[in-house]
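K.L.:
Sequence and predicted model, in that order:
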Amino acid sequence: MKIKIVNKSEFPLPAYKTDGSAGIDLQANISSPVELKPFERYLVPTGLYIAIPKGYEGQIRGRSGLALKHGITLANGIGTIDSDYRGEIKVILINLSNESFIINKGDRIAQFVLNKYESIDFEEVDSLETTNRGKGGFGHTGI
Ligand SMILES: O=c1ccn([C@H]2C[C@H](O)[C@@H](COP(=O)(O)OP(=O)(O)OP(=O)(O)O)O2)c(=O)[nH]1
Ligand SMILES: [Mg+2]
């Protein structure tokens, strides 16, 4: 997969940390530290531009250690990187804690997972086939 890296003398080719890792860690490609105050958001550049093949998407996901220890997560839940996107991949971090968090240059702030997806071909109808569940949802089977 083609990738362009900004400032590549300081930022190596992203790589899986272990054989079975689903995600590749994304580093903060920033020149100086950024303070993320409680409940603030910050759009963190990764310096990465990736040409994802058609039929695939990139997912930006948080890192569990940062979420557990510092309340650092993604404001958009999971970021979606479209296969036709040619801009820089960025991470929308949010600090859900009561303490400031410092993002340093090179910190691994999120992870990137590649997924296949299906495109929907809608067929518009007036009613849908019935099922046992029907309209039941939102805990109707019990908690
Ligand atoms: O966490 C993210 C989410 C998105 N993007 C980039 C890649 C993606 O292909 C593009 C658009 O993302 P999305 O569709 O989630 O945003 P939108 O608000 O719907 O913008 P658009 O109207 O450009 O699709 O922004 C990122 O770099 N990081
Ligand atoms: Mg969109």
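P.N.:
Nice, I can see it. Ligands and ions are numbered 1, 2, ... in the order given.
K.L.:
What's the nearest residue in the protein when you look at ligand 1?
P.N.:
Using CB to the nearest ligand atom, residue 79 is the residue of the chain that sits closest to ligand 1, at 2.2 Å. C-beta here means a position set from N, CA and C on the backbone, and glycine is covered the same way.
K.L.:
need the contact list for that residue.
P.N.:
Contacts for residue 79 were tallied using CB atoms under 8 Å, 6 or more residues apart in numbering; they are 58-61, 91-92, 110.
K.L.:
quick one: which of these has the most company?
P.N.:
residue 110 (29 neighbours; other CB atoms under 10 Å).
K.L.:
tally of neighbours for the closest residue to residue 49 other than its chain neighbours?
P.N.:
Distances taken as CB to CB, 6 or more residues apart in numbering put residue 4 closest to residue 49, at 4.1 Å, once the chain neighbours are dropped. Neighbourhood size, residue 4 [other CB under 10 Å]: 12.
K.L.:
Would you mark the buried spots in the longest strand seen in the chain?
P.N.:
When the chain is parsed with DSSP state E, its longest strand is strand 108-116. If you call a residue buried by 16 or more other CB atoms under 10 Å, then strand 108-116 has these buried ones: 109-112, 114.
K.L.:
which residues sit against it?
P.N.:
With CB under 8 Å, 6+ apart as the criterion, strand 108-116 contacts 14, 22-28, 44, 52, 55-63, 66, 72, 74, 79, 81, 89, 91, 93, 103.
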